[in-house]
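Undergrad: Need the 3D shape of this:
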Amino acid sequence: MRTRRFFRKLGGPRRADEASELSTSAIHTAVLRAIAGASENELTGNHLDVGSGTGELLGLIRQRYSVHSFACDYTDRWMQLPGQEVHIVHLDRDPLPFPDGHFSLVTCVETMEHLENFRALIREVFRVLRPGGLAVFSTPNILNVRSRLRYLSSGFYNLFGPVLLDRPEIQGARGHISPINWFYLGHTLASSGFQDLRVSVDKYQRRSFLIFALLLLPLRLSNVAVYRRDKNKYKTLNEGNAWMVQRMNSRDLLLGRTLVVSASKPNAG
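TA: As a prediction, the model looks like this:
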């Protein structure tokens with residue numbers, strides 16, 4: 001079982017139940033699909049897993065590809081792969097401790113939502129990737145219909161909630177402090193230099209099917225008006241970002257539990 005990482009400003013200890021909180025086997029499967037779908041050639045070289053936890057994803061990737069594994073996390077206490085070194089790094093204040101262009105693959109799974117500045121991490125991932133390298137990110141999909149309805153009623157997205165002021169070591173629901181929707185993740189990837197962005201989800205939430213059927217038409221109709229306003233009045237839509245906006249109300253993002261995005265670093269020259 002891969003643990004959910006809890007990156008914190010103060011680096012405090014975990015609660016006793018954190019190491020066994022949630023299974024993410026569906027997310028791992030989706031990440032492996034994203035790697036296979038985006039890799040045109042046989043994947044070799046160095047692989048870095050950011051927020052490596054127990055090392056389960058590292059092990060799964062080792063089984064499929066001839067890569068040399070690197071791990072980084074805020075602690076090495078959770079690592080279960082024998083002999084696997086964990087590079088200790090505080091992702092909210094420190095750069096990744098690796099040289100430019102060192103990796104052919106970087107994975108960052110269920111980590112960004114624990115950070116104060118996910119954009120800085122994405123720029124660091126771009127830096128350490130070699131030209132032609134692949135990065136795969138995942139984060140809770142706050143755009144699914146259940147999350148949107150929870151936000152309407154409470155002001156909080158699914159898997160996010162109030163943050164306690166007097167307990168800085170527990171900064172939010174399951175340690176999540178930064179909800180990231182698809183558009184802002186895609187925009188950050190593209191503006192950091194990534195290309196060939198591919199969007200997927202780990203699985204559909206079956207309990208959302210009825211809500212999806214009821215809300216799809218109203219959402220699509222209202223989105224047409226908003227799209228026209230943003231394009232014609234505010235001039236914030238163009239050929240570069242319009243496709244990202246259009247994906248916001250796609251079936252995958254309205255039904256999917258976890259957002260999985262792959263992107264590649266352009267080849268030199």
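
Undergrad: Off-centre distance for stretch 30-44?
TA: If you compare the mean C-alpha spot of stretch 30-44 with that of the full chain, they lie 16 Å apart, counting by CA atoms, centre = their mean, to the nearest Å.

Undergrad: Span of that stretch from start to end?
TA: 20 Å (CA to CA, to the nearest Å).

Undergrad: Show me which positions of it end up buried.
TA: 30-32, 34-35, 38, 43 (16 or more other CB atoms under 10 Å). In short, each C-beta sits where N, CA and C put it, glycine included.

Undergrad: what would these look like in a markdown table with pLDDT, secondary structure and distance to residue 91?
TA: Listed next are these as a markdown table, based on pLDDT from 0 to 100; DSSP: H, G, I helix; E, B strand; the rest coil; distance: CB to CB, whole Å:
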| residue | pLDDT | secondary structure | distance to residue 91 |
| --- | --- | --- | --- |
| 30 | 97 | helix | 22 |
| 31 | 97 | helix | 19 |
| 32 | 97 | helix | 23 |
| 34 | 97 | helix | 21 |
| 35 | 97 | helix | 22 |
| 38 | 86 | helix | 24 |
| 43 | 90 | coil | 24 |
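
Undergrad: residue contacts, the nearest residue in space to residue 112 that is not next to it in sequence?
TA: Here the nearest residue to residue 112 in space, its sequence neighbours aside, is residue 118; by CB to CB, 6 or more residues apart in numbering that works out to 4.0 Å. Taking CB atoms under 8 Å, 6 or more residues apart in numbering as the criterion, residue 118 is in contact with 112, 178, 180, 185, 188.

Undergrad: and the residues you listed, which two are the farthest apart?
TA: Put simply, by CB to CB the two of the contacts of residue 118 set farthest apart are 178 and 188, 11.9 Å from each other.

Undergrad: When the two are compared, which one has more neighbours?
TA: Neighbours around residue 178 and residue 188, counted as other CB atoms under 10 Å, are more numerous at residue 188. The numbers are 20 against 15.

Undergrad: tell me which element the more buried one is part of?
TA: Assigned by DSSP states H and E, residue 188 falls within helix 182-192.

Undergrad: List the buried residues for that helix?
TA: By neighbour count, with 16+ other CB under 10 Å as the criterion, the buried positions of helix 182-192 are 182, 185-189, 192.

Undergrad: Where does the prediction get shaky in this protein?
TA: 1-23, 40-41, 167-173, 269 (pLDDT under 70).

Undergrad: mind running it again at 90?
TA: Under the criterion pLDDT under 90, the flagged ranges of the chain are 1-24, 38-42, 162-175, 216-217, 219-223, 225, 268-269.

Undergrad: Quickly note the distance from the residue sitting nearest the centre point of the chain to residue 203.
TA: In the chain, the C-alpha closest to the average C-alpha coordinate belongs to residue 138, at a distance of 2.5 Å (CA atoms, centre = their mean). The gap separating residue 138 from residue 203 is 12 Å, by CB to CB, to the nearest Å.

Undergrad: Please identify every residue contacting each of these two.
TA: With contacts taken as CB under 8 Å, 6+ apart, residue 138 and residue 203 have 30, 258 as neighbours in common.

Undergrad: List the buried residues for the longest strand seen in the chain?
TA: Of all the segments assigned as strand in the chain under DSSP state E, the longest by residue count is strand 129-140. Neighbour-count burial for strand 129-140, counted by 16+ other CB under 10 Å, picks out 129-130, 133-140.

Undergrad: Show me the helices in this structure, by range?
TA: Taking DSSP state H as the criterion, the chain carries its helices at 25-38, 56-64, 118-128, 145-154, 182-192, 209-228, 242-246, 251-255.

Undergrad: Pipe these into a markdown table and attach distance to residue 83 per row.
TA: Conversion of those to a markdown table gives the following (distance: least, CB to CB, whole Å):
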| stretch | distance to residue 83 |
| --- | --- |
| helix 25-38 | 21 |
| helix 56-64 | 12 |
| helix 118-128 | 22 |
| helix 145-154 | 40 |
| helix 182-192 | 33 |
| helix 209-228 | 45 |
| helix 242-246 | 41 |
| helix 251-255 | 38 |
